[in-house]
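>>> Quick check, what structure comes out for this input:
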Amino acid sequence: MGITYLERLVLICGEAFDSFDAGALIRTESKTLMPRWMVTCPQCNQKFAHTEISAEVMKQASRDPFRIVSKPVIPHAGDKRTCPNCKNESVVHPFNLLYEST
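Numbers count the residues shown, from 1 in each chain. Okay, here's the model as predicted:
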């Protein structure tokens, strides 16, 4: 049968999580990582963070039967972002956003 995601977190981190924390936060020795929306640079293919997903948004998703996390509101014309790796500026649309939990 195997172990659940929550049981694996408890084994790795050595502490108990409630169901909300297990989906939203991963505790490490140095910091707490929040899930975030990532973008891939079209120039160098490097992934970089667009937006951290707030605890409130994750809490709302936990109430959704399909666990859908709402994407941030981006203007119709897109959102200009600069890649921290190659410094290329590109326009980001909602369909460019990728969910990353850690």
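>>> alpha carbons only for contacts and neighbour counts from here, please
Will do.
>>> At which residues are the strands of this structure located?
For the chain, strands defined by DSSP state E occupy the ranges 26-27, 32-33, 36-40, 47-52, 79-82, 89-92, 98-100.
>>> Would you format the ones you listed as TSV with mean pLDDT and distance to Arg67 included?
Shown next, in TSV, are the strands of the chain (pLDDT from 0 to 100; distance: least, CA to CA, whole Å):
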stretch	mean pLDDT	distance to Arg67
strand 26-27	46	18
strand 32-33	64	19
strand 36-40	96	15
strand 47-52	95	17
strand 79-82	96	26
strand 89-92	96	24
strand 98-100	95	13
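>>> Return the most buried member of the ones you listed.
Among the strands of the chain, the stretch with the highest mean neighbour count (mean count of other CA atoms under 10 Å) is strand 36-40, at a mean of 20.
>>> quick one, which of the strands of the chain is nearest to Ile68?
Closest of the strands of the chain to Ile68 is strand 98-100, at 10.7 Å (criterion: CA to CA).
>>> Just checking: what are the partner strands of that closest one?
Using DSSP bridges, strand 98-100 pairs in its sheet with strand 36-40 (antiparallel).
>>> which residues sit against the strand it pairs with?
Identification of contacts with strand 36-40 by CA atoms under 8 Å, 6 or more residues apart in numbering yields 46-53, 71, 92, 96-102.
>>> Which parts of the protein belong to which domain?
Using automatic domain parsing, the domain parsing of the chain gives 1-32, 34-102.
>>> Comparing those, which yields the minimum mean pLDDT?
If the domains of the chain are sorted by mean pLDDT, domain 1-32 sits at the bottom with a mean of 46.
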